[in-house]
Every structure is written in structure tokens, then in C-alpha cells.
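Chemist: Coordinates for the following, if possible.
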Amino acid sequence: MRDYYRDFLIRNWEQSDRTSTAAVISYVLSEYGLGWEPNGADRDVVKVEECYLAAGGEFWVIEHQGHLVGTGAYYPVNRGEKAVEIRKMYLLPSIRGIGLGKYLLQQLEAAIAARGFQQIWIETASVLVEAVKLYESNGYQPATGVETPRCDRVYVKYLNQPLLGDWELGIK
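Modeler: The predicted model follows:
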């Protein structure tokens, strides 16, 4: 991945990004009163190679003027049919409200769809108000089965669903 939104570079994560990635995510979590959990919910950030790259997922970072300012990632999960979970979608406060989050979500969805996945799952916390609003306004439906202790919401979006014809719906 190498893409631009305005003057923001969205690119694949590199090993040299590990510390900056952790700092961005930790900062955003603390802003909302949530803790950084390197041995728990954030283990995947410490072990990107194992949790994302080796598992068939992707981890992207967002740069602005040479500084990491955001992240977004996904990996396959055993939940439903051909499913992935979008994770670690975080933007520093200084770059929110310009459409970058929506663009990042759309790019993640496009990459996921291009790889043949059919379901996208997202877990989040109610206190992440902007994230909840973003997901709900982009077709994510509330679901059940929260697996991450600090999260209290789970959403799902179905991709590539064929449209049903009248005959399939029993309409004559």
C-alpha cells in the first residue's frame, strides 16, 4: 500500500515504525481514558509481523511531514464466512475531522474486498465516539460477541453480497 490523502502518506508498516506506532496508539487510548496493553489487547502492535503479516493481514501507517500520525490494519479471523477484523484504526487528534478516517476506512475495505473477504468485523469502545459514528455511518451493523476486554461494541459489515432476484424472494 502506498497512497495519499491530501498531503498524508498511507503506506505499509515497516519494522522501524514499531515505536512510533505504539506511541500513536497509546496516546489516543490515553486521551479516552483507556490503557495501553502491550501484553493484552495491544499485543498485535508489538508483534505486527506475527499477528498481521504472517496471518495474511496488512498493517498501514499514516505519515504527515515525516511523522507518524495514524494507523489502520486488518487480519483474517474465524468469525463468520471469509471474515477479517479491522483493528488499530487510530488518528491523532490534530488530524481528525478532515475526512482522513473515512478515507482510511474506505481504503481498508477496498483492500479487504479485493482479497475476496466477505465480512468485516470491528470491535470498539463506546468512549471512542468518533469511531462509533464513523462505523455506523458507513454501513457497519451492531452485532454481538465482543472478544476484547476494553471494548463494549462489535460491528459487522457484509461485502460482495449478491442482490436477490424476485424469484429468490418468492415474488411473482
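Chemist: Against which helices or strands is the lengthiest strand in the chain packed?
Modeler: Across the chain, the longest stretch assigned as strand under DSSP state E is strand 67-77. Packing partners of strand 67-77 (3 or more C-beta pairs under 8 Å, 6 or more residues apart in numbering; DSSP states H and E): strand 8-12, helix 18-31, strand 58-64, strand 83-91, helix 100-114. From N, CA and C alone the C-beta is placed, and that goes for glycine too.
Chemist: Pull out the buried residues from the longest one.
Modeler: Neighbour-count burial for helix 100-114, counted by 16 or more other C-beta atoms under 10 Å, picks out Leu100, Gly101, Tyr103, Leu104, Leu105, Gln107, Leu108, Glu109, Ala111, Ile112.
Chemist: Which of the residues you listed sits closest to Pro142?
Modeler: Comparing those against Pro142 with C-beta to C-beta places Leu105 closest, at 16.8 Å.
Chemist: Find the residue closest to the closest one in space, skipping its chain neighbours.
Modeler: Spatially, and ignoring its direct neighbours in sequence, Leu105 is nearest to Asn138 (6.0 Å; C-beta to C-beta, 6 or more residues apart in numbering).
Chemist: Quick check: the one you found vs Gly56, distance?
Modeler: Look at Asn138 and Gly56: by C-beta to C-beta, to the nearest Å, they are 23 Å apart.
Chemist: ok, Leu108 touching Tyr75?
Modeler: No. Using C-beta atoms under 8 Å, Leu108 makes no contact with Tyr75, being 11.4 Å away.
Chemist: tell me the contacts of the nearest residue to Gly99 once chain neighbours are set aside?
Modeler: Nearest residue to Gly99, sequence neighbours excluded (C-beta to C-beta, 6+ apart): Tyr5, at 7.6 Å. Neighbour list for Tyr5: Gly99, Leu100, Tyr103, Leu104 [criterion: C-beta atoms under 8 Å, 6 or more residues apart in numbering].
Chemist: how far away is Tyr5 from Gly139?
Modeler: Distance from Tyr5 to Gly139, by C-beta to C-beta: 20 Å.
Chemist: try Gly33
Modeler: Gly33 sits 28 Å away from Gly139, going by C-beta to C-beta.
Chemist: ditto for Asn12
Modeler: 26 Å.
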